[in-house]
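Student: structure of the sequence below:
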Amino acid sequence: MKNPEVELKLPVIPDIELTATKTAEVISKHMNLSEEKTGEISMAIIESCINAFEHSKTKEIYIHFIVSDDKLTVKVIDQGKGFDKSKVEIPNIENKLKADARKRGWGLQLVAELMDTVEYDSDESGTTVTMTKKKEDNE
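Tutor: Here you go, the predicted model:
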């Protein structure tokens, strides 16, 4: 199968996002991606799943893995309440480091740094996060 697609439907239960990281590892191996890229994909999936679970009030999320010749596309889809990315504040690192509060709020920034492209499509019917990781670094 040249360009397989894999779809997962995950209920909101503790640690279920690890199912998606196992799937990502298998697909990454199939694509001959490096261990480093595989780890970055897994971390981005975990962050995106946790964001969906914590913020969207959804009962389940869908994860689509789309393999193409030059990249892996991962979509994390929820049918929750949606959000306005422009209103999400990136935390000030100095304040965060001093604060006693939990070190939260880094998810969007982290995902952007881990993946080659990240797009958010969100409205009141849910959110789709579309992330890509290129096979080659020199593109």
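
Student: which strands or helices does the single longest helix found in the chain pack on?
Tutor: Criterion DSSP state H: the longest helix present in the chain is helix 35-55. Other helices and strands packing on helix 35-55, by 3 or more CB pairs under 8 Å, 6 or more residues apart in numbering; DSSP states H and E, are helix 17-30, strand 60-67, strand 71-78, helix 107-114, strand 126-134. C-betas here are computed from N, CA, C, even on glycine.

Student: ok, 7 Å please
Tutor: Applying 3 or more CB pairs under 7 Å, 6 or more residues apart in numbering; DSSP states H and E, we find helix 35-55 packed against helix 17-30, strand 71-78, helix 107-114, strand 126-134.

Student: need the ones you listed in CSV (columns: mean neighbour count and distance to residue 39).
Tutor: As requested, the helices and strands packed on helix 35-55 are exported to CSV (neighbours: other CB atoms under 10 Å; distance: least, CB to CB, whole Å):
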stretch, mean neighbour count, distance to residue 39
helix 17-30, 17, 9
strand 71-78, 22, 13
helix 107-114, 17, 9
strand 126-134, 20, 11
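
Student: flag the shaky bits of this structure, pLDDT-wise.
Tutor: Applying pLDDT under 70 to the chain flags residues 1, 89-106, 138-139.

Student: now with 90?
Tutor: Applying pLDDT under 90 to the chain flags residues 1-4, 12, 14, 50-58, 80-110, 122, 124, 136-139.

Student: what residues does residue 5 make contact with?
Tutor: 64, 65, 66 (CB atoms under 7 Å, 6 or more residues apart in numbering).

Student: mind putting these in JSON lines, distance to residue 77 included?
Tutor: Output for the contacts of residue 5, formatted as JSON lines (distance: CB to CB, whole Å):
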{"residue": "64", "distance to residue 77": "7"}
{"residue": "65", "distance to residue 77": "12"}
{"residue": "66", "distance to residue 77": "12"}
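
Student: all set, thanks.
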